[in-house]
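Trainee: Model the following, please.
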Amino acid sequence: MFTFQNTVLLALSVSLAGSALAAVPAPIVTQAPSPIRRALSTTLPASAGYTALPTARVITGSFDGGMVKFDRKGSSGACQGQTETGEADAVFILQPGASISNVIIGKDQAEGIHCRGACTVTNVWWEDVCEDAITLKQTGSGDVSTITGGGAFSASDKIVQHNGAGRVVIKDFFASTFGKLYRACGNCSQSYARHVTIDNVCLKGGSEAVGINSNFGDTATLSNVKTSGKPSNTNVCCTYKGVGSGSEPSKIGCGDSYAACKYTASAVGSC
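Mentor: Next up, the predicted model:
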């Protein structure tokens, strides 16, 4: 039998249920924060000391240089201009998976850093690039080397030479007076599809930001690239026809009209 008491209880239950539903707050939708762009330094930091290495220092694990300047003054690894040199003439050799940070590489060196595999380079500065600042020799298609912060001055040819496979990420980097910030090897004995991602860089007095070989399957993805006008907005990415060892690659053209150059005009600004 449905009594008066049942009716009151039912009404009370409905009222409470309605109140509970009314009390549920509406979901708050927020936008994901924009990525934080690191402020770029455009001057060579002061060194905390100086060491001339008689031979290349091999790094396994991680090495923090404490902003000491290192080079190869007085040794066979001293700068020889644009003479082709090799790993033995480097200041540092990084084993696969190694990392180096807070180092200034002085002008008296033929090669700055050689990475035998994927490596991490953070806040490293080159006072005066001789042949190449950093050479990357990773062999896995999934290998990724990252260069974050730091900068390089006076590179008559290349700053980053990518001879191996995989991807190189360059971000928060400054370069002044150079030929190319990044070059995917166009005539190495072993050809790979090489990829580079560049974000938040300031380039002053350069010829090209990136040189890649479209026939090898190379790609360059660029964002937030700032220049002083050199390289020009077009020359931030140039494509080449890669060749075998012993020959010279030929330039195809530059600009975002080439599929291998993945950027838009809005990605390039001034610094």
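
Trainee: end to end, how far does stretch 135-146 reach?
Mentor: 12 Å (CA to CA, to the nearest Å).

Trainee: where are the low-confidence patches of this structure?
Mentor: Applying pLDDT under 70 to the chain picks out residues 1-38.

Trainee: residues contacting the most centrally placed residue in the chain?
Mentor: Nearest residue to the geometric centre of the chain (CA atoms, centre = their mean): I170, 1.1 Å. I170 makes contact with 147, 160, 181-182, 196-199, 201 under the criterion CB atoms under 8 Å, 6 or more residues apart in numbering. C-beta: built from backbone N, CA, C; applies to glycine.

Trainee: hmm, which two among the residues you listed are most spread apart?
Mentor: By the measure CB to CB, V160 and D199 form the most distant pair in the contacts of I170, at 14.2 Å.

Trainee: Of the two, which one has the most company?
Mentor: The neighbour comparison of V160 against D199 (other CB atoms under 10 Å) goes to V160, with 27 against 19.

Trainee: and the more buried one, helix, strand or coil?
Mentor: Following DSSP: H, G, I helix; E, B strand; the rest coil, we place V160 in the strand state.

Trainee: Quick one: residues contacting it.
Mentor: With the criterion set at CB under 8 Å, 6+ apart, V160 makes contact with 132-134, 136, 147, 168, 170, 181-183.

Trainee: Same question for R167.
Mentor: R167 neighbours (CB under 8 Å, 6+ apart): 143-145, 194-197.

Trainee: Phi, psi for it please.
Mentor: R167 adopts backbone torsions of phi -130, psi 150, taken as degrees, to the nearest 10.

Trainee: mind checking how far it is from F173?
Mentor: To F173, R167 is 16 Å away according to CB to CB, to the nearest Å.

Trainee: before we move on, what about V196?
Mentor: Following CB to CB, the distance that separates V196 from F173 is 12 Å.

Trainee: thought S189 was touching G164?
Mentor: No - with contact defined as CB atoms under 8 Å, S189 does not reach G164; the gap is 11.6 Å.

Trainee: So for these two, which sits in the more crowded spot?
Mentor: Relative neighbour count places G164 above the other of S189 and G164, with 25 against 9, counting by other CB under 10 Å.

Trainee: Contacts only, for that one.
Mentor: Going by CB under 8 Å, 6+ apart, G164 touches 136-139, 143, 192, 194.

Trainee: and if you look at G117?
Mentor: So G117 contacts 94-97, 137-140, 143 (CB under 8 Å, 6+ apart).

Trainee: Roughly how far does it sit from V268?
Mentor: Counting by CB to CB - G117 and V268 are separated by 32 Å.

Trainee: for G65, same thing?
Mentor: From G65 over to V268 (counting by CB to CB), the distance is 33 Å.

Trainee: sorry, back to before: and the residue nearest to the centre of the chain, bridged to which residues?
Mentor: In this entry, I170 is beta-bridged to I147, I198, by DSSP bridges.

Trainee: Could you shift the numbering so residue one becomes 36, and keep it that way?
Mentor: Done: numbering now begins at 36, and the last item shifts to I205.

Trainee: any idea how far it is from R92?
Mentor: Distance from I205 to R92, by CB to CB: 23 Å.

Trainee: so what's the backbone phi/psi at S249?
Mentor: Torsion angles, degrees, to the nearest 10, at S249: phi -70, psi -30.
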